[in-house]
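**Q** Sequence and predicted structure, then a few things I'm wondering about:
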Amino acid sequence: MPGPAWGMANAGQNIRLVHTDWSSSIASANLVKAVFEEKLGTRCELVSVSADKMWKAVAEGRADVMLSGWLPDTHGYYHKQFRDHVVDLGPNLEGTKIGFVVPDVTLGRLTAGTGIRNQPYITIDSIEELKTHADKFNHRIVGIEPEAGIMHKAKEAMEAYDLDNFRLVESSEVALMAELSHAIRHQKWLVVTGWLPHWSFARWSLKFLDDPKNVFGEGGSIHTIARQGLDTDMPKAFRVLDNFSWAPEDIGQLMLWIQEDDGRFPYEKALRWIRTHPDKIEQWIE
């Protein structure tokens, strides 16, 4: 493997945690950093990188741990490449989902005078229907960074469903959310790469398009992935990481708090989450 871009992790000194700039990854990284620093007195350095570099840094021992291993599908490619060089501590969150997502917002009022829900302005329900509505979607599927696992799956889906009249637009989570907000506000047709957990599903009404060919998989979990040797170098920290586990509604709450300030104070929001969930924190550090 190529040489490290930064120094090797300091065995027994502090924790170096790599994450991506996705909302879920920022939330979990800042929460665990806050637990280490406020509850255990262990310094925790956060390093933001792309998904491929995140896996590579842990496999090469340049980082101690990552909390954002989406398995088995989204990061299946990276897991296959690096699994013999890392330690998989198992899921820290169950119930993930990825796929193509569209607004599920009605035209005008939510319900008609009869009380029946009005028709959403985007009327399709399945990926199979995209091809015949390409003009309305301006022939675009808006994605995120090209290294993200969901982008690999999006390309597979476009091939499986013969979406040769679409192009996959590389973007970022921030830019994707801006496009989604604009499309919903002006009721424009837009399809994006989407994933759960994510705060956008709490803010807007969104839906995954049906995937009858199961390209995006049945859902999965987010795993904690550590470097080899961390259990002997830092057994107490390793035990906390092994205990770290939360539910989709837990991370959803923290992501919403972070988003309320446009993502500027994730560590402060993590401290708030710690104050409001003392029992959960005690389970992790026991």
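**A** Cool, the structure landed. Source: prediction; values computed, not measured.
**Q** name the helices or strands packed onto the helix or strand hosting residue 251?
**A** Taking DSSP states H and E as the criterion, residue 251 maps to helix 248-260. For helix 248-260, the packing partners by 3 or more Cβ pairs under 8 Å, 6 or more residues apart in numbering; DSSP states H and E come out as helix 23-34, strand 86-103, helix 200-203, helix 266-276. Yep, even glycine has a C-beta here, placed from its N, CA and C like the rest.
**Q** which stretches of the stretch 51-200 of the chain aren't confidently modelled?
**A** 108-117 (pLDDT under 70).
**Q** ranges for the helices of it?
**A** Along the stretch 51-200 of the chain, the stretches classed as helices by DSSP state H, counting those that start in this stretch are 51-59, 76-82, 149-160, 173-186, 200-203.
**Q** Highest mean neighbour count out of the helices and strands packed on helix 248-260?
**A** Looking across the helices and strands packed on helix 248-260 with neighbours counted as mean count of other Cβ atoms under 10 Å, the highest average goes to helix 23-34: a mean of 25.
**Q** tell me the angle of that helix relative to helix 173-186?
**A** Interaxial angle of helix 23-34 relative to helix 173-186 (axes from the mean of the first three to the mean of the last three Cα atoms, to 10 degrees): 130 degrees.
**Q** Provide the contact partners of helix 23-34 at residue level.
**A** 15, 17, 19, 44, 46, 48, 67-68, 92-93, 173, 195, 197-199, 222, 240-241, 244, 251, 254-255, 258-259, 263, 266-267, 269-271, 273-274 (Cβ atoms under 8 Å, 6 or more residues apart in numbering).
**Q** per-residue pLDDT, the residue nearest to residue 91 when sequence neighbours are not counted?
**A** What sits nearest to residue 91 in space, not counting adjacent residues and going by Cβ to Cβ, 6 or more residues apart in numbering, is residue 221, at 3.7 Å. pLDDT for residue 221: 96.
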